[in-house]
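Novice: Predicted model and sequence below, questions to follow.
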Amino acid sequence: MKEKITIKSVQDWDRDFSKKKGIEFPEEELILMSILKLVEEVGEVSKALHEKKWKDIQGEVCDVIVFALKIANIAEDFHKAEELSKVFKKKIKYSEARKFDKKTKIFDKVDGYQFK
């Protein structure tokens, strides 16, 4: 893997890793497995936080990211969804346009943006 890790480089790594290891599932099975693993990994982050195992947090978060990106790969590979890194750029632009109300502790919704 490249020294600089990007969303795309982790997505590419996941695709290559699956090929190298011979991991192939029909789409529906891959979706189910990926969602279940994502939920499991989020639970492991939650457990580490609850138990204040701070040294475990980063590794557990990495697992969450890998399985979230696997789901993005399914969307891209099977359903021609837009490349995730492009969606991130849009999402960041939308987030930057939002205003935070300190009193209500809520962000506003910006008209004219894809993300609401």
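Specialist: It's in.
Novice: can you pull out the strands in this structure?
Specialist: 100-101, 106-107 (DSSP state E).
Novice: which other helices and strands contact the last one?
Specialist: Meaning strand 106-107. Strand 106-107 is packed against strand 100-101, with contacts defined by 3 or more Cβ pairs under 8 Å, 6 or more residues apart in numbering; DSSP states H and E. Any C-beta I mention is one placed from the backbone N, CA and C, and that applies to glycine too.
Novice: hang on, the earlier thing: list just the one of the strands of the chain that sits closest to residue 82.
Specialist: strand 106-107 (23.2 Å; Cβ to Cβ).
Novice: pLDDT averaged over that closest one - what is it?
Specialist: The pLDDT scores in strand 106-107 average 96.
Novice: Neighbouring strands - and their directions - for it?
Specialist: Sheet partners assigned to strand 106-107 using DSSP bridges are listed as strand 100-101 (antiparallel).
Novice: And for the strand it pairs with, what's in contact with it?
Specialist: 106, 107, 108 (Cβ atoms under 8 Å, 6 or more residues apart in numbering).
Novice: same question, stretch 70-88
Specialist: By Cβ under 8 Å, 6+ apart, stretch 70-88 touches 6-8, 11, 14-15, 27, 30-31, 34-35, 37-38, 69.
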